[in-house]
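>>> Here you go, sequence then predicted model.
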Amino acid sequence: MKLKKELVPKGIKQMSTFVFSPTELLPFWKLCTIGASDYLMPEREIGVGRRANRRNEYVMFISPDVDVSPASTEWLKLNALLWRTAQYACEENRNVTVSDTIEMDTGEKYCGTVLLLPEVLPSRDLVKCYTSAKKFISIFQVMPITREQISGKLSRGNDGTYWLMEQFYIHDDDYNLISSNPLATL
């Protein structure tokens, strides 16, 4: 299934979501943006002389229990969060990267998203799409978050980002994945 976003911010030519069904290897729904990487984000320092990548695409993984079909409309709320996240960098003229939190006034259960590395995928090689030998598009997982999760992050100060990310992926001291809960629900 493919959904096309008709109204996109200046800087993005066209944006679509491709919807992939659960499979044996990846037993959940996958919503994947196509077109968000048209926007070249401004440069951003991320520490130790490193810069964030300037082109992103976004994925959202949805529980197989959610009815993702043309007959259902509830799941489109999750797709709307994915699109708003994909448009955010362009609309705000900002570079977004892993662990960034984007707040939204939705009036719904989820009022924002956090960008994660899609660690549920079988290989880390899948988080970059190379367009040439040295240029690539980063692929980030968009995880919907609640007002309580945003408040929890803010109340923890500098440790808030790590606390929020551990709501979805827990690692040991050597950064080996211990457990995960990376699927969006309604």
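Arrived safely, thanks for sending.

>>> Quick one: find the helix or strand in the protein with the lowest mean pLDDT.
strand 2-5 (a mean of 69; mean pLDDT, DSSP states H and E).

>>> State the next helix or strand along the chain beyond that strand.
Using DSSP states H and E, the helix or strand that follows strand 2-5 towards the C-terminus is strand 15-20.

>>> What helices and strands are in contact with that next one?
Using 3 or more Cβ pairs under 8 Å, 6 or more residues apart in numbering; DSSP states H and E as the contact test, the elements touching strand 15-20 are strand 2-5, strand 29-34, helix 76-92. Quick note: C-beta positions are derived from backbone N, CA and C, even for glycine.

>>> where are the low-confidence patches of the chain?
4-9, 11 (pLDDT under 70).

>>> ok so, going back, dump the helices and strands packed on strand 15-20 to TSV, plus mean neighbour count and distance to Glu57.
Converted to TSV, those look like this (neighbours: other Cβ atoms under 10 Å; distance: least, Cβ to Cβ, whole Å):
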stretch	mean neighbour count	distance to Glu57
strand 2-5	13	13
strand 29-34	21	5
helix 76-92	20	8
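
>>> Tell me which of the ones you listed sits nearest to Pro144.
helix 76-92 (5.3 Å; Cβ to Cβ).

>>> biggest strand in this structure by residues?
strand 136-146 (DSSP state E).

>>> In its sheet, which strands sit next to it, and in what direction?
strand 56-62 (parallel), strand 110-116 (antiparallel), strand 128-130 (antiparallel) (DSSP bridges).

>>> for the ones you listed, which one sits closest to Gly160?
Here strand 110-116 is closest among those (Cβ to Cβ), at 10.8 Å.
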